[in-house]
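Enquirer: I'll drop the sequence and a predicted model, then ask my questions.
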Amino acid sequence: MLTRTAPASPLDRLKALPRDARDTLFLLVVIGWVVLPQVGQLPWWCTLLAAALLVWRGVLALKAAPLPGGRWVLGLLVLTVAATYASHRTLLGRDAGVTLIVVLLALKTLEMRARRDAFVVFFLGFFTMLTNFFFSQSLATAAAMLVGLLGLLTALVNAHMPVGRPPLAQAARTAGWMALLGAPVMAVLFMLFPRIAPLWGIPADGLTGRSGLSSTMRVGNVAQLALEEGIALRIRFEGAVPLPTDLYFRGPVLSQFDGREWRPLLPRMTPGTASLMPPDGLEVGGEAVRYTVTMEPNNRPWLIVLDAASSPPSAPGLDAFTGGELQWMTTRPAIDLLRYTVTSHVQYRAGARGRSAVVAPQYRELPPGTNPRTLQLATDLVRRAPAGAADKPALVRAALDLLRTGGYTYTLDPGLYGDDTADEFWFDRKQGFCEHIASAFVVLMRGMDIPARIVTGYQGGELNGVDGYWVVRNSDAHAWAEVWLAGRGWVRVDPTASVAPGRVGSLARLRPAQNAFASALGNVSPGLLASVRQAWEAVNNGWNQWVLNYTQSKQLDLLKNLGFKSPSWQDLSLVLIGITVAVTLAAIAWAKWERSRQDPWLRLLARVRQRLQQAGVAVGPTSGPRQMAAAVTARFGAEGQALADWLLRLEAQRYARHAPAALPALQREFHRLPWPTPAA
Amino acid sequence: MIAGVLNPVAFARQRFRSWWQARLPLSDTTTLTQRNVYILPTRPGLMLVATLLVLLVASINYQLNLGYLLTFLLAGCAVVGMHVCHATLRGLTMNLAPPEPVFAGQNAPLRIVLTNDRKATRYGIGLAVLDETHEDHWSWTDVPGLGTATVSVAFQPTRRGLHRIPPLTAETRFPLGTFRVWTVWRPAAQVLVYPQPERMPPPLPEGEPRSGTVGTARVALAGEFDGVRAYRRGDPMKLVVWKKAAKSDELVSRDAQQAQRRELWLDFSRAGPLDADGRVARLAAWVLQAEKLGLDYGLRLPGQQIQPDTGEAHKRRCLEALALC
């Protein structure tokens, strides 16, 4: 019978690879790891090309085959540039840049002939890591990139171990140590490096792909948001939390309707034009609600506040102004995590008195010729009302009654709406969600000559029991209506609540289908899923609060804690320079100390030599104790015997197998020795 | 001077280098300290700085706090890397083993023992002879913690004589390649360079009658000084001419009596119509040839005479005399 040797396992074969192949494969894996998180953001051809190039390079490394010629690389490069231009219509800017860098990185591996040629790959790799942060700065991304950074450093260290085939673990250990020791440098620089405003304005492409409320509402828009579990706001209330039914967070107010799309009254509001708008005559009552909002970046100018905030949301460096419809806005879209504190009043009246009581005619306008059946319905409702057109509150109540009793249902999947959305909602489909309902409702109100507008924002929220923050998600996005009633001003009406009482207040949601893992976990233990999620989100929130939201204001707070009265960024630079100088001085001191730190035995010998030279005994700079002893005996005879003996013991201390005397003892004796007096 | 006109920068650098190297103390053992270890960023190091700047600008412009973290962590690693790089050489002891004599035109190998008194391994230390072309002749080694490593480098002496060993250099770029840390060391040892033997020397000169003896059985043929006879039982192994034995498939012994009668003198004044170096080269070739044949030979040089003898020590003595004459 033949005995068969066991086939080598893939791991063994990997271990047996020649060093160059092993190093190249490792680097390719690290590159793949760094590119992987942004695959979703790259054009499909870029992902495919990069993957193909990396695999190709890996196969070449395994076969120890020669690399393709420069013509190949050049050809692929030209192809890439052309494809990038075709995909992005430009070669500049963030998205095109990321696409180019990823392909360049993969291409460069084909030019990586020697270990030391790999520097360009390393540096492109570091830059590719940064491009990941354009799309996500989450904790998970940070962890993935930390692994990537350690991988790149490991490959770099390994490339500088030219001897033999050192284990990668050794290079990884060195890299890990360097990162660990480099972390304090990172922490100090991160805390103190002055945060500067973008050098050439806010990049226009900074935030594509981030979700948030839209500045316009085309029926069907909010639906996408409603399906998204992403977090929009985090809120920490100081003191009592308002009732769930009062948790209306105001976003864009939409008052202009063209039949298809709702728009803000002024398409583009700037601080200059905002001041021209009549103030809303906000009167607040009841207890003030104080809270801090941490808003996820959404590239929109609105500062989401709880209805209604009478004073601007405040944050250092934040320039807030009112848009005139109780909204608060900022001059700069929120392109990064934004944190502000607000004081709101749940009880308020707006636009009831004064100049603002004269309601602009735009709030009654409807595009002519649209939604004829809804206008007919409005006429019917007015005719049926006991007090006719005079009793506006009764008309609103009648419309809400109709919603409640008319067989209307709330669904996240109402199908596609046609042109006359209000007609379709009221008469044909009778189903929809907040934006259909609110839109149809406002059209009906305007049909009854009641000033009305749509408010979009968020409704509700959820307490994270772990860190005490209220979390408002994109799925909490909501649209409701406000109608203007004489003497009461703008009154919030949430028609969705009439259709689906559960949608508002009780915080019950129509949930989109969960993924298999979550639903499996949910089946086993619904509580566990919730608490795991809460814990994870609490960790994420900590990350947001401490790392992502570390802004100039926090830097200045830090300085205040350090004792600066009114810190500025110049002080930051000063502290940074001070720390640098201190560390440098410490390093110099240490270097001096280390320089002087000689072998104590040699130091003692040097002192002996000096003493003897002073006494006129000729001892060379390299003579050892025995030679010195000989010189002493030759010069002083019996008189120098004690000194010579001591010198021989000094020698024995160093070189004998069993030292007769310890060094400290010899050092002590040094002072008591009968040193010959210097020759006159 | 011409070089100075053609390329003043290179000329100045060359002058500076020789002035600076002349200042270094001569020693066969050197311990690297902060005084004699130098550090400068490499080209990739400058590339890393540029990369860091680009990362910083990107982080500022897109307000990426994670970008700041990445940039600063990399910068921190580079700073640590600089320290690690310097510490790789600092504290290392280099010891040059006494060099063996070599023939001119051959590579003179130098063995250098590196001693590491630290617990951690020192990686990626390269040694080279410091000359214009050392770029390609690095010998790389790792020195284990509390251990030693031996590195061989070589240089090619061109002239015979006693040569000072050219300055040696040690460098490392471990761990990141962003810094080059190096030292220059002038060993005190000298290497003796034997003359390059003539490649196709004429046959050995005729033996001279031993002074004071009468040439009884003169051998007719010139060059019969290496007269051989068939091997007889009892001949000492020393007398067997192995070379001839290998050719003729039978053992032959040197005729001791012949050798006793005639003496081989390699004489400078009779080494042919050549210049001094040519004669020295020929004599060197003859010395090697005679030694190979196991002959007794003497060497006469102007003002110097080495009595006939044989053996390795004798050969060395003769070659040394030739090297230094």
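Expert: Cool, the structure landed. Numbers count the residues shown, from 1 in each chain, chains lettered A, B, ... in the order given.

Enquirer: For chain B, what's its nearest residue on chain A.
Expert: Nearest residue of chain A to chain B: A:Gly182, at 2.7 Å (C-beta to the nearest C-beta). Where you see a C-beta, it was placed from the backbone N, CA and C, and this is true even at glycine.

Enquirer: Tell me the secondary structure at the closest residue to chain A within the stretch 1-150 of chain B.
Expert: Nearest residue of the stretch 1-150 of chain B to chain A: B:Gly76, at 2.7 Å (C-beta to the nearest C-beta). Of the three states, B:Gly76 takes helix under DSSP: H, G, I helix; E, B strand; the rest coil.

Enquirer: re earlier: which helix or strand contains the residue of chain A closest to chain B?
Expert: helix A:168-192 (DSSP states H and E).

Enquirer: Could you list the buried residues of that helix?
Expert: A:168, A:171-172, A:174-175, A:178-179, A:181-183, A:185-186, A:188-192 (16 or more other C-beta atoms under 10 Å in any protein chain shown).

Enquirer: Just list the residues touching the closest residue to the residue of the stretch 1-150 of chain B closest to chain A other than its chain neighbours, thanks.
Expert: Closest residue to B:Gly76 in three dimensions, ignoring its sequence neighbours and counting by C-beta to C-beta, 6 or more residues apart in numbering or on different chains: A:Gly182, at 2.7 Å. Contact analysis of A:Gly182 by C-beta atoms under 8 Å, 6 or more residues apart in numbering or on different chains lists B:73-80.

Enquirer: count of neighbours near A:Lys592?
Expert: When neighbours are counted by other C-beta atoms under 10 Å in any protein chain shown, A:Lys592 registers 11.

Enquirer: buried residues in stretch B:147-157?
Expert: Neighbour counts using 16+ other C-beta under 10 Å place B:149, B:151, B:153, B:155, B:157 of stretch B:147-157 among the buried residues.

Enquirer: Please enumerate the strands of the stretch 151-300 of chain B.
Expert: Taking DSSP state E, counting those that start in this stretch as the criterion, the stretch 151-300 of chain B carries its strands at B:161-164, B:168-172, B:179-185, B:190-194, B:208-209, B:228-230, B:252-254, B:262-267, B:297-301.

Enquirer: and those strands as JSON lines, adding distance to B:Val9, mean pLDDT and mean neighbour count?
Expert: Compiled in JSON lines, the strands of the stretch 151-300 of chain B are given as follows (distance: least, C-beta to C-beta, whole Å; pLDDT from 0 to 100; neighbours: other C-beta atoms under 10 Å in any protein chain shown):
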{"stretch": "strand B:161-164", "distance to B:Val9": "28", "mean pLDDT": "86", "mean neighbour count": "16"}
{"stretch": "strand B:168-172", "distance to B:Val9": "21", "mean pLDDT": "91", "mean neighbour count": "24"}
{"stretch": "strand B:179-185", "distance to B:Val9": "20", "mean pLDDT": "92", "mean neighbour count": "21"}
{"stretch": "strand B:190-194", "distance to B:Val9": "33", "mean pLDDT": "90", "mean neighbour count": "21"}
{"stretch": "strand B:208-209", "distance to B:Val9": "61", "mean pLDDT": "72", "mean neighbour count": "14"}
{"stretch": "strand B:228-230", "distance to B:Val9": "66", "mean pLDDT": "64", "mean neighbour count": "14"}
{"stretch": "strand B:252-254", "distance to B:Val9": "64", "mean pLDDT": "68", "mean neighbour count": "21"}
{"stretch": "strand B:262-267", "distance to B:Val9": "51", "mean pLDDT": "82", "mean neighbour count": "20"}
{"stretch": "strand B:297-301", "distance to B:Val9": "47", "mean pLDDT": "89", "mean neighbour count": "21"}
